[in-house]
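Novice: only geometry, no sequence info:
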Ligand SMILES: O=P(O)(O)OC[C@H]1O[C@H](O)[C@H](O)[C@@H](O)[C@@H]1O
């Protein structure tokens, strides 16, 4: 009997593989795509602590000495900086907060995985994890130091081509507040002395290792040859910044709403001073941190603000 013209039936059991999400006892949430990429987020700080490509290659640097027990911000991955970047200025609403604020050292909640409806036809290949932090969830100490009614929603979206992280800041009170946001990416690189950071040429930057002097970037691929701590200002979010090696991008970082880019490598002497950073580990990392930190943004009561980065790895 010739059955070749018989229409192929779609068996009920033949469903398309879906992304998987696990909530783990150690305070992490991880997700894996059917194509093999994975992401792990620690609820402490909603810190992305791992992002692996389909071949298992880790893209983020986390120090071998990083502390993951919630007693200190995690040294590596993608800490979320809010509501102040760096040491808080004196006589400012943030002045009683620690460096880089409280978001990176607060316990966030996992709000769940976005529904397949909201991801549309990407639902089989992409996963979006949402995390939340609000005024009532931070410690009494942080609340006293920064007594505003706020809500943060941090969305981490993994696709085969990219990792996107997006922070929404909500002012849930009636009084306005000032804030900085910065996404403190620690990228894993084969050899920091062989990379360049591109697309910051002609930008003004604050050189934190040279008395905060304002300088003009002349290089089209910034080399890291010593301690580096620079805040590039007024960087058009529409132009992606890349970390390149031999002219080829290792990471390309597109941004929305984030118009500063901080480039940081502590180098040896500073690495030695940090208890949660291995002495030699500076060679295998670079921080390229999209932010909105040139001045404080003001959020009126009832308003919301959003900043997003999309990181594309070398594929
Ligand atoms: O040690 P942390 O508080 O985590 O800060 C680590 C680094 O973050 C940013 O990159 C700043 O520009 C640096 O000045 C700072 O040293």
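Specialist: In hand now; what should we look at? No experiment lies behind these values; they were computed from the predicted model shown. Residues are numbered from 1 along each chain as shown.

Novice: can you give the contact residues for the helix or strand harbouring residue 110?
Specialist: Assigning secondary structure by DSSP states H and E places residue 110 in strand 109-113. Under the criterion Cβ atoms under 8 Å, 6 or more residues apart in numbering, residues 19, 21, 23, 29, 31, 43, 127-133, 137, 153 lie in contact with strand 109-113. (C-beta placed from N, C-alpha, C; glycine too.)

Novice: so which residues on the stretch 51-200 of the chain come close to the ligand?
Specialist: 73, 86, 99, 100 (Cβ under 6 Å from any ligand atom).

Novice: not counting its neighbours along the chain, what's nearest the second one?
Specialist: Meaning residue 86. Leaving aside its sequence neighbours, residue 86 sits nearest to residue 99 (Cβ to Cβ, 6 or more residues apart in numbering; 6.2 Å).

Novice: how many other residues sit next to the one you found?
Specialist: By the criterion of other Cβ atoms under 10 Å, residue 99 has 12 neighbours.

Novice: pull up the gap between it and residue 84, please.
Specialist: 8 Å (Cβ to Cβ, to the nearest Å).

Novice: model confidence over the helix or strand where residue 230 lies, on average?
Specialist: If you go by DSSP H and E, residue 230 is part of strand 228-232. Across strand 228-232, pLDDT averages out at 98.

Novice: which other residues reach it?
Specialist: Defining contact as Cβ under 8 Å, 6+ apart, one finds that strand 228-232 is touched by 200, 203-209, 217, 260-265, 267, 293-294.

Novice: can you pick the most crowded of the contacts of strand 109-113?
Specialist: Going by other Cβ under 10 Å, residue 127 tops the contacts of strand 109-113 with 26 neighbours.

Novice: leaving aside the residues next to it on the chain, what's closest to that residue?
Specialist: residue 19 is the one closest to residue 127 (Cβ to Cβ, 6+ apart), at 3.8 Å.

Novice: any idea how far that neighbour is from residue 126?
Specialist: Distance, residue 19 to residue 126, using Cβ to Cβ: 7 Å.

Novice: and for the two, which residues touch both?
Specialist: With Cβ under 8 Å, 6+ apart as the test, residue 19 and residue 126 both reach 33, 158.

Novice: tell me which helix or strand the residue of the stretch 151-300 of the chain found nearest the ligand sits in.
Specialist: The ligand sits closest to residue 264 of the stretch 151-300 of the chain, with a gap of 3.3 Å, by Cβ to the nearest ligand atom. Using DSSP H and E, residue 264 sits in strand 260-265.

Novice: by how many degrees do that strand and strand 228-232 diverge?
Specialist: Angle, strand 260-265 to strand 228-232, by axes from the mean of the first three to the mean of the last three Cα atoms, to 10 degrees: 170 degrees.

Novice: now do the contacts for residue 94.
Specialist: Residue 94 makes contacts with 83, 84, 88, 101, 146, 178, as judged by Cβ under 8 Å, 6+ apart.

Novice: now do 6 Å
Specialist: 83, 84, 88 (Cβ atoms under 6 Å, 6 or more residues apart in numbering).

Novice: okay, now the nearest residue to the first one once chain neighbours are set aside: neighbour count?
Specialist: Spatially, and ignoring its direct neighbours in sequence, residue 83 is nearest to residue 179 (3.9 Å; Cβ to Cβ, 6+ apart). Using other Cβ under 10 Å, the number of residues around residue 179 comes to 24.
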